[in-house]
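Participant: Kindly generate the corresponding structure for this input.
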Amino acid sequence: MSEPAHRATVTAAQEHYVARVGDTVVARSSRALILEEVSPRKTYAPVIYFPLEDVDQTVLRPCDHHSFCPIKGEAAYHDIAVDGQLLERAAWFYPDPLLMVAGVKNHLAFYRDKVAVEGA
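Facilitator: All right, here's what the predicted structure looks like:
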């Protein structure tokens, strides 16, 4: 039996999500998306993607870092500036995602070791 291919699915979240740095809310949405990714060797934790219009744009600082995933495309990153601290590369988005994850266009995700993301 062959191993499953590397794949990803995007579905609408069924609950409201909030992203915080300390006590500061940086995103809040009832329209978030959940991206679930599976490869032949690894299953990744689901990632919550917030619509850009539900993210506090005043805390985002574009940075020069980019990365590439063969099923999602090229990711661009943002630092987050909150309460005098700068969290480097704390958020990412796909400006032009590949077809398999096209739904995450105009959405942004946070590294959970830098930003607390919780369902509410």
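Participant: Can you list the residue ranges for strands in the chain?
Facilitator: Assigned strands in the chain, in chain order: 7-12, 17-21, 24-29, 33-38, 47-51, 60-69, 73-82, 85-93, 107-110, 116-119 (criterion: DSSP state E).
Participant: hey, which of these is tucked in deepest?
Facilitator: Each of these was given a mean neighbour count from mean count of other C-beta atoms under 10 Å, and the largest, a mean of 24, is that of strand 107-110. For glycine as for every other residue, the C-beta is placed from the backbone atoms N, C-alpha and C.
Participant: Tell me the strands beside it, with direction?
Facilitator: Looking at strand 107-110 with DSSP bridges, its partner strands are strand 47-51 (antiparallel), strand 85-93 (antiparallel).
Participant: can I get those in TSV with distance to residue 102?
Facilitator: Formatted as TSV, the entries for the strands paired with strand 107-110 read as follows, by distance: least, C-beta to C-beta, whole Å:
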stretch	distance to residue 102
strand 47-51	12
strand 85-93	13
